[in-house]
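**Student:** below: sequence and its predicted model.
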Amino acid sequence: MPTVIRKKIHGSRSTVVVNIRGQLVGPTTVELQSYVGVLARQSVPITITTWHKVPNKLKNKIWKQILAVFDVDMRAKNRVLSSATAKWKQFKSRLSTKYIIPFKNNPEMLRKPPIIYNFITQKEWEGFLP
């Protein structure tokens, strides 16, 4: 992730290769996928119930943030945003299985969002709890 931040600061972009099937290939793909996961987790509120309800404006913002660091062919936009969908769903699932379900009988432990995810607001956390 530090490499991505440096590139963003310096305005340099890594080229992501897209094969004839529209799949992302090459060494920068892993770095791109990691960045996509961070953007999805930090940009899309966990209180939104499904990806279909995420405003297009927000999806386009994520895409523009990706293009600021990576040179990605427009043909790959849907594939990249599908990856963001999966990573966002995995994040919400991880929050539930690691930080909510084990403490369902201990409301005190559920009062605040996990410290490790300092981008989750108190209001958002409360709206996410069952």
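**Tutor:** That came in fine, so what should we check first? Residues are numbered from 1 along each chain as shown.
**Student:** hey, let's count contacts and neighbours off CA atoms from now on
**Tutor:** Fine.
**Student:** most distant residue from the middle of this protein?
**Tutor:** For the chain, the C-alpha farthest from the mean C-alpha position belongs to residue 105; by Cα atoms, centre = their mean, that distance is 29.5 Å.
**Student:** which helix or which strand is home to that residue?
**Tutor:** Following DSSP states H and E, there is no helix or strand that holds residue 105.
**Student:** with adjacent residues omitted, what lies nearest to residue 109?
**Tutor:** Across the structure, with Cα to Cα, 6 or more residues apart in numbering as the measure, the residue nearest residue 109 apart from its sequence neighbours is residue 103 (6.3 Å).
**Student:** and the one you found, how far from residue 25?
**Tutor:** Between residue 103 and residue 25 the computed distance is 41 Å (Cα to Cα, to the nearest Å).
**Student:** can you count the residues close to residue 80?
**Tutor:** 20 (other Cα atoms under 10 Å).
**Student:** part of a helix, is it?
**Tutor:** Yes. Assessed by DSSP: H, G, I helix; E, B strand; the rest coil, residue 80 belongs to a helix.
**Student:** low-confidence bits of the chain, can you list those?
**Tutor:** Confidence mapping of the chain against pLDDT under 70 gives the ranges 1-10.
**Student:** the chain: helices as residue ranges?
**Tutor:** According to DSSP state H, the chain carries its helices in the segments 2-10, 28-43, 56-67, 77-94, 122-128.
**Student:** out of those, which gets nearest to residue 50?
**Tutor:** helix 77-94 (8.4 Å; Cα to Cα).
**Student:** the residue minimising distance to the centre of the chain: what's it in contact with?
**Tutor:** Using Cα atoms, centre = their mean, the residue of the chain that lies closest to the mean C-alpha position is residue 40, 1.7 Å off. With contacts defined as Cα atoms under 8 Å, 6 or more residues apart in numbering, the neighbours of residue 40 are 62, 84-85, 87-88.
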